[in-house]
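Visitor: no sequence on this one, just coordinates:
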């Protein structure tokens, strides 16, 4: 093998490795939603735009998904997302998802109950005001994790 062939082969190998590393670093997010819910699709699309590898699961029985992940009735939203060991319930803003994934707090995940107008997927209004709750592990009481808006 001559020098030129070796260099071409090495550069090609590095390019393939870099591409695989970029794909591997992309966080997989499984989103469970009702097949007819448009706002859930908009939220999932926003997560995909933020470089999450989003896999959408259209399910007819969301109650069983919420039970599986231990989402309290008072904190349920219209979809449930899972990234690694964390669950994100409802229209959780991107900055909250990213904060949890970078800081890795000892919580089960985050929840935005209901469908707050202006939240991500619900119009994405920068003036929207709502609260993001932490989901405690092993029966811990949920607490306000972040306040959005005034």
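Guide: Nice, thanks for sending it over. Bear in mind that the values here come from a model prediction, so they are computed numbers and not experimental data.

Visitor: which stretches of the chain form helices?
Guide: With DSSP state H as the criterion, the chain has helices at 3-25, 38-49, 62-68, 94-103.

Visitor: Listing request: residues of the protein with sub-threshold pLDDT.
Guide: 1-26, 139, 150 (pLDDT under 70).

Visitor: Kindly recompute the last result at 90.
Guide: For the chain, the stretches flagged by pLDDT under 90 are 1-26, 37-39, 117-128, 136-142, 150.

Visitor: isn't residue 82 right up against residue 30?
Guide: Yes. Between residue 82 and residue 30 a contact is recorded at 4.7 Å, counting by C-beta atoms under 8 Å. Heads up, the C-betas are built off the backbone N, CA and C, glycines and all.

Visitor: So which of those two has more stuff around it?
Guide: residue 82 (20 against 16; other C-beta atoms under 10 Å).

Visitor: who touches the more buried one in this structure?
Guide: By C-beta atoms under 8 Å, 6 or more residues apart in numbering, residue 82 lies in contact with 29-30, 32, 69, 88.

Visitor: repeat that for 10 Å
Guide: 28-32, 55, 57, 65, 68-69, 88-89, 109 (C-beta atoms under 10 Å, 6 or more residues apart in numbering).

Visitor: thinking again about what came up before, find the residues that touch each one of residue 82 and residue 30.
Guide: Taking C-beta under 10 Å, 6+ apart as the contact rule, residue 82 and residue 30 both touch 55, 57, 65.
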